[in-house]
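In: Have a look; sequence and predicted model below, questions after that.
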Amino acid sequence: MLILQTPRSLRNTKSPDEPGILSKKTTEVRHVDVRTVMVAQGMMQRLFDVGVLAIGSAGHAGMEIQFRGLRSPEKVAAMIRERQGG
């Protein structure tokens, strides 16, 4: 499982995971392969509209990518769902 603080971008067909400052390793999940999109927010996170967005793909068990401390995680989840056609 890959864990990030915030996503760098959301492309039309893929959600990239690009951690690192000095070094870089990119993992992308094609939106058509997304099996699960999960948003988790505690009470304080809901007040400040931040939370965790986790993405699971058809090719992996569990959640493959997690974005922690993400602003407006429900909006980002909706964008992913829209781009995957559902």
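Out: Right, received. Where do you want to start? Numbering: from 1, shown residues only.
In: Please enumerate the helices of the protein.
Out: Counting by DSSP state H, one finds helices in the chain at the ranges 43-48, 73-83.
In: Check those helices for me and report the most buried one.
Out: helix 73-83 (a mean of 16; mean count of other Cβ atoms under 10 Å). Yep, even glycine has a C-beta here, placed from its N, CA and C like the rest.
In: Could I get the average pLDDT for it?
Out: On average, the pLDDT along helix 73-83 is 90.
In: Using a markdown table, please lay out the helices of the chain together with distance to Arg35.
Out: Shown next, in a markdown table, are those (distance: least, Cβ to Cβ, whole Å):
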| stretch | distance to Arg35 |
| --- | --- |
| helix 43-48 | 24 |
| helix 73-83 | 12 |
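In: For His31, which of the ones you listed is the nearest?
Out: Closest to His31 of those, according to Cβ to Cβ: helix 73-83, at 4.6 Å.
In: what's the spacing between Gly42 and Gly51?
Out: Distance of Gly42 to Gly51, given as Cβ to Cβ, to the nearest Å: 8 Å.
In: Isn't Phe67 up against Gly51?
Out: No: with contacts counted by Cβ atoms under 8 Å, Phe67 stays clear of Gly51, the gap being 9.0 Å.
In: can you list residues touching both of these two?
Out: Shared contacts of Phe67 and Gly51, defined by Cβ atoms under 8 Å, 6 or more residues apart in numbering, comprise Pro73.
In: Please report the number of neighbouring residues for the residue nearest to Gly59 when sequence neighbours are not counted.
Out: Taking Cβ to Cβ, 6 or more residues apart in numbering, and ignoring the residues beside it in sequence, Gly59 has Asp33 as its nearest neighbour in space, at 6.4 Å. Neighbours of Asp33 under the rule other Cβ atoms under 10 Å: 18.
In: What of the one 4 residues further on?
Out: The local packing count at Val37 equals 20, with neighbours defined by other Cβ under 10 Å.
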